[in-house]
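Engineer: Build me a structure from this.
(one chain, ligands or ions: 4)
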Amino acid sequence: MARPNEEVEALLQEYADLVTITGGDAYKARAYEKAARAIGGHHADVSRLDLKGLLAIPGVGKSIAEKVLEYLRTGHVAMVEEARAVIPAGVRELIAIPMLGPKKAMLLYEELHISSVDQLLDAVHEHKLRDLKGFGARTEENILHGIALLQQAGGRILIDAAMDVAEQITAELSEAGGCERCAYAGSLRRMRETIGDVDILVAADSSAPLMEAFTALPVTAEVIAHGEKKTSIRTTKGLQVDLRVLPPDAWGAGLLYFTGSKAHNIRVRELAVRHKYKLSEYGLFHVKSGKKIVSATEEEIYARLGLPWIPPTLREDRGEIAAGLRDELPELVTEDDIRGDLHTHTDLTDGVAPLEAMVEAAARRGYAYYAVTDHAPNLYMQRMTDAKILAQRERVRALDGKHRRMRLLHGTELNIGPDGDLDWPDEFLAGFDLCVASVHSHFNQSRDELTRRLIRACENPHVAIIGHPTTRQIGKRPGIDADFDAVFEACARTGTALEINSHPQRLDLCDEDVLRAKRYGVKFAVSTDAHSVTHLPYMRYGVGTAQRGWLTKDDVINTWPLQKLRRFLRPGGR
Ligand code: DGT
Ligand code: CA
Ligand code: CA
Ligand code: ZN
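Structural biologist: Ligands and ions are numbered 1, 2, ... in the order given. Next up is the predicted model:
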């Protein structure tokens, strides 16, 4: 995603929040919010657009376009600065607490003069909020939970933000003189859902010039530690990046060591000890003679220990060593295996791009098929109707096969209601090629209610996939409390696939749930839930999660040929 788009998105969103907090025009706040999302999801770099180009973005009117130009020209917007000045920084911090929101944050400031997270915690513990309008015991609980989530996520960032930085830095260091190889390692190479810091490795004979190049990168805001073997910096956005320079012939040993996980490394070292070897970041050595055996590649090191090369996404000490020794590692699904996306939106509901743009971008990714699954009527703010979705079906049929012969499936994302009921009657559902069903509301039902609700959705023969099954949002919202073992069992019994939602904020199911569900014999759909063309590449993160859940091609229905997929999607076909 183009960085200026993200910056402008954040700025406009902040302004919308500021308007809301100060009790400003709600319509204006919504307009800024909408424009923020549209720009964040816009395919072209906004910093290259003129007024006319900006006005062509849906939701961007003249006044907002002018603010964007002002920002791109000067680095700030006077109106936003003025709004910021009215509100203490501490209160703006409160807005970031999930489940509190701008209006309540401002009320806390006005009524109780709370202007920091610490003061808020004190007030909650002293039960000072209960008498405020719109607050209650439940709100207190939610606020505590929100603060915990914020602090838990504290220090770790979402994988896509870390990936952007890592890819930019590895590309730049690869160009630096003396760099023989450059790659990212650590949790990012293992595709963990959140990243503590980014670990970059370079193979070079002399480290000093690379360390210099690293500290001089445009993203470097602060040098934390500058050494011969390791240098750490903090980026302009606050992310720590470690660079280690390795001797070229120790590349494999270093890569293995710094990829981790720590638990995996410990197991591999134990195995080495049993062979009377010693493994370090410099290589595999004979204990007795101290002589080096191998160090150049990961493959050679694993092979000397009787192991096949273990994919980084499996290196979590979840049985990969034992499976490797038996030569029973799964042949993991890869992004190349993915033939299509089965959960996507357009501007008919809350997407920001028209159908044609989404389809064209999907075809450019080389997909064999692509499903359009806009929201259904029970998500009221989306204003879906029978007529609208049927008209869309006509447009989908007309575009079918028109872009690089990519086939289109017309589907919908249904809402699983509080009792497990769906938006449309079965006769109407039968008209879709594909129904995804997801929970979008009533997250706080009892465990039994939530479990029954999900199972009922699985039991509808038209529902082929359960979308973002736990509804969690990383660092923002916990997943719903259902008995997922019972849900997985129901999915296996009814032939309903579980989604791995690839959006970096969701990654839902998560790796551990995927592993668990697989044991029930469930199939999976790795989808992006794209709301703009810039979301389609999120597929890589869903595939990473699938790999961390030990999935093979066979486990993932959107790697299958269209005919086999269609059989699976048909009611009674599973
Ligand atoms: P993160 O940064 O918290 O997302 O997770 P990692 O896995 O990237 O951890 P990090 O950055 O502390 O270290 C990168 C890798 O280096 C780690 O996965 C394994 C290896 N490593 C670092 N320190 C140690 C250590 O003390 N012992 C062992 N065995 N490995 C280590
Ligand atoms: Ca790391
Ligand atoms: Ca590190
Ligand atoms: Zn959804």
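Engineer: Most proximal residue of the protein with respect to ligand 1?
Structural biologist: Using Cβ to the nearest ligand atom, the single residue of the chain nearest to ligand 1 is residue 260, 1.8 Å away. In this view, the C-beta of every residue, glycine as well, is placed from N, C-alpha and C.
Engineer: wouldn't that residue be in contact with residue 187 here?
Structural biologist: Yes: counting by Cβ atoms under 8 Å, residue 187 is a contact partner of residue 260 at 7.0 Å.
Engineer: still on that earlier bit, can you get me a residue count around the residue of the chain closest to ligand 1?
Structural biologist: Residue 260 has 21 neighbouring residues, counting by other Cβ atoms under 10 Å.
Engineer: For residue 314, see how far away it is.
Structural biologist: Using Cβ to Cβ, to the nearest Å, residue 260 is found at 12 Å from residue 314.
Engineer: and the residue of the chain closest to ligand 1, how far is that from residue 344?
Structural biologist: Going from residue 260 to residue 344 by Cβ to Cβ gives 34 Å.
Engineer: what sits against whatever residue of the stretch 101-250 of the chain ends up closest to ligand 2?
Structural biologist: Closest to ligand 2 within the stretch 101-250 of the chain is residue 186: 3.3 Å, counting by Cβ to the ion. Neighbour list for residue 186: 195, 197-199, 258-260 [criterion: Cβ atoms under 8 Å, 6 or more residues apart in numbering].
Engineer: Residue 543 belongs to a helix?
Structural biologist: Yes: according to DSSP: H, G, I helix; E, B strand; the rest coil, residue 543 belongs to a helix.
Engineer: Was I right to think it contacts residue 507?
Structural biologist: No: Residue 543 is beyond contact range of residue 507, at 11.0 Å (criterion: Cβ under 8 Å).
Engineer: Can you pick out the residue with more neighbours from these two?
Structural biologist: Legend: neighbour count by other Cβ under 10 Å for residue 543 and residue 507, higher for residue 507 (28 against 25).
Engineer: Can you give me the distance of the more buried one to ligand 3?
Structural biologist: 21 Å (Cβ to the ion, to the nearest Å).
Engineer: Find me the pLDDT at that residue, would you?
Structural biologist: pLDDT for residue 507: 98.
Engineer: quick one, what contacts it?
Structural biologist: Residue 507 touches 159, 193, 474, 500-501, 541-542, 545, counting by Cβ under 8 Å, 6+ apart.
Engineer: ok, the closest residue to residue 245 other than its chain neighbours - contacts?
Structural biologist: If the residues on either side of it in the chain are set aside, residue 245 comes closest to residue 207, at 3.7 Å by Cβ to Cβ, 6 or more residues apart in numbering. Taking Cβ under 8 Å, 6+ apart, we find residue 207 in contact with 228-229, 245.
Engineer: Most neighbours among these, which one?
Structural biologist: That'd be residue 245 among the contacts of residue 207, by other Cβ under 10 Å, with 28 neighbours.
Engineer: Report the mean per-residue pLDDT for the helix or strand hosting that one.
Structural biologist: For residue 245, the element it lies in under DSSP states H and E is strand 240-246. The pLDDT scores in strand 240-246 average 97.
Engineer: Which pLDDT value goes with the residue nearest to residue 245?
Structural biologist: 95.
Engineer: residue nearest the centroid of the protein?
Structural biologist: Centroid check for the chain by Cα atoms, centre = their mean gives residue 504 as the closest residue, at 0.5 Å.
Engineer: quick one: residue 291 from ligand 3, how far?
Structural biologist: 30 Å.
Engineer: ok now do that residue, which residues does it touch?
Structural biologist: Neighbour list for residue 291: residue 285 [criterion: Cβ under 8 Å, 6+ apart].
Engineer: re earlier: got a list of what the residue nearest to the centre of the chain touches?
Structural biologist: By Cβ under 8 Å, 6+ apart, residue 504 lies in contact with 158-161, 193, 474, 538, 541.
Engineer: related to what we said a few turns ago, which among the contacts of residue 186 end up buried?
Structural biologist: Neighbour counting with 16 or more other Cβ atoms under 10 Å marks 195, 197-199, 258-260 as buried within the contacts of residue 186.
Engineer: Including pLDDT and secondary structure, could those residues go into a markdown table?
Structural biologist: Output for these, formatted as a markdown table (pLDDT from 0 to 100; DSSP: H, G, I helix; E, B strand; the rest coil):
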| residue | pLDDT | secondary structure |
| --- | --- | --- |
| 195 | 96 | strand |
| 197 | 95 | coil |
| 198 | 97 | strand |
| 199 | 98 | strand |
| 258 | 98 | helix |
| 259 | 98 | helix |
| 260 | 96 | coil |
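Engineer: Return the member of the residues you listed nearest to residue 412.
Structural biologist: residue 195 (34.3 Å; Cβ to Cβ).
Engineer: so where do the strands sit in the stretch 51-200 of the chain?
Structural biologist: For the stretch 51-200 of the chain, applying DSSP state E, counting those that start in this stretch gives strands covering 157-158, 181-184, 194-195, 198-203.
Engineer: so how far is residue 71 from residue 41?
Structural biologist: In this structure, residue 41 and residue 71 are 18 Å apart, going by Cβ to Cβ.
Engineer: hmm, I was thinking of residue 9
Structural biologist: 11 Å.
Engineer: repeat for residue 235
Structural biologist: Applying Cβ to Cβ, the value for residue 235 to residue 71 is 21 Å.
Engineer: can you list the residues of this protein near ligand 3?
Structural biologist: Applying Cβ under 5 Å from the ion, one finds that the chain approaches ligand 3 through 197, 199, 242.
Engineer: pLDDT at the residue found closest to the second one once you drop the neighbours it is linked to in the chain, what is it?
Structural biologist: On the basis of Cβ to Cβ, 6+ apart, the spatially nearest residue to residue 199 that is not a chain neighbour turns out to be residue 186, at 3.4 Å. We note a pLDDT of 98 for residue 186 in this prediction.
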